[in-house]
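Engineer: could you work out the structure for the sequence below:
(one chain, ligands or ions: 1)
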Amino acid sequence: MAANILLVEDEPAIQELIAFNLTQAGHHVLRASTAEAALTLVKNALPDLVLLDWMLPGVSGVDIAKRLRADERTRHVPIIMLTARSDEQDKIVGLETGADDYITKPFSPRELLARIKAVLRRRAPQMTDDAVEVQGLRLDPVTHRVTGAGAPVDLGPTEFRLLHFFMTHPERVHSRSQLLDQVWGDHVFVEERTVDVHIRRLRSALENSGHDELIQTVRGTGYRFSTQQ
Ligand code: CA
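Structural biologist: Predicted structure coming up:
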């Protein structure tokens, strides 16, 4: 389960150590030392998860969490707060700001990785390795295999990610911009038409087993993965 993780930590030694451990575990790490730098990175590409230090110079981690939660685009990005405080009251404040979890320094790399996995499983099911199946269409993230009614479906990497996202977020309409954020991790530098191209490829790959009908166009809005007409 490799995730794009934004690490916001102002102490260079701690930032280095955490980034090293996350990279070792196969994650891709973006780093920021200030709220401003963090928010700029988020603006360019939506991370899968944010590790947020509570105590930052200037705008605090708590304020960043509040801002991310207040914005429609970033509302659902999982956040884990990092802090030196072990106070129960602080923990409550941290979770009230919208953080998904809270980890007190010093922590072991193992503990951090376990927390990241748990939060991703809860908040971003497309990030986990669990196989998903909908009406005979089965996608297995571990083997990277897709089958439709038992027959193998050959998908390119983007179509695979797109289908995985759809299957783990069914029955809702996703705009092109949201899909770019969630599947490409970039809604700024990739054209929205790109989404249509990959939707077309995905549908054509699913045609044989009839599963292409699960991917519906919602006129003027975007796309939806649905078992209903
Ligand atoms: Ca700090």
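Engineer: got the residues of this protein near the ion?
Structural biologist: Remark: the part of the chain in contact with the ion comprises 10, 53, 55, using C-beta under 5 Å from the ion. Placement of C-beta: from N, CA and C, glycine included.
Engineer: and with 6 Å instead?
Structural biologist: When proximity is defined by C-beta under 6 Å from the ion, the chain lies next to the ion at 10-11, 53, 55-56.
Engineer: kindly reformat those as JSON lines containing neighbour count, pLDDT and secondary structure.
Structural biologist: Output for the residues of the chain next to the ion, formatted as JSON lines (neighbours: other C-beta atoms under 10 Å; pLDDT from 0 to 100; DSSP: H, G, I helix; E, B strand; the rest coil):
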{"residue": "D10", "neighbour count": "17", "pLDDT": "95", "secondary structure": "coil"}
{"residue": "E11", "neighbour count": "14", "pLDDT": "94", "secondary structure": "coil"}
{"residue": "D53", "neighbour count": "24", "pLDDT": "93", "secondary structure": "strand"}
{"residue": "M55", "neighbour count": "14", "pLDDT": "86", "secondary structure": "coil"}
{"residue": "L56", "neighbour count": "21", "pLDDT": "90", "secondary structure": "coil"}
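Engineer: show me the protein divided up by domain.
Structural biologist: By the assignment in automatic domain parsing, the chain contains the domains 4-127, 132-225.
Engineer: worst mean pLDDT among those domains?
Structural biologist: Ranked by mean pLDDT, these bottom out at domain 4-127, with a mean of 89.
Engineer: what about G210, neighbour count?
Structural biologist: As a burial measure, the neighbour count of G210 was computed by other C-beta atoms under 10 Å and equals 13.
Engineer: please renumber the chain so that the first residue is 19 from this point on.
Structural biologist: I'll keep to 19 as the first residue from here, and by that count the last item is G228.
Engineer: for it, give me its contacts.
Structural biologist: 166-167 (C-beta atoms under 8 Å, 6 or more residues apart in numbering).
Engineer: how near is it to the ion?
Structural biologist: 54 Å (C-beta to the ion, to the nearest Å).
Engineer: with V95 instead?
Structural biologist: For V95, the distance to the ion - C-beta to the ion - is 20 Å.
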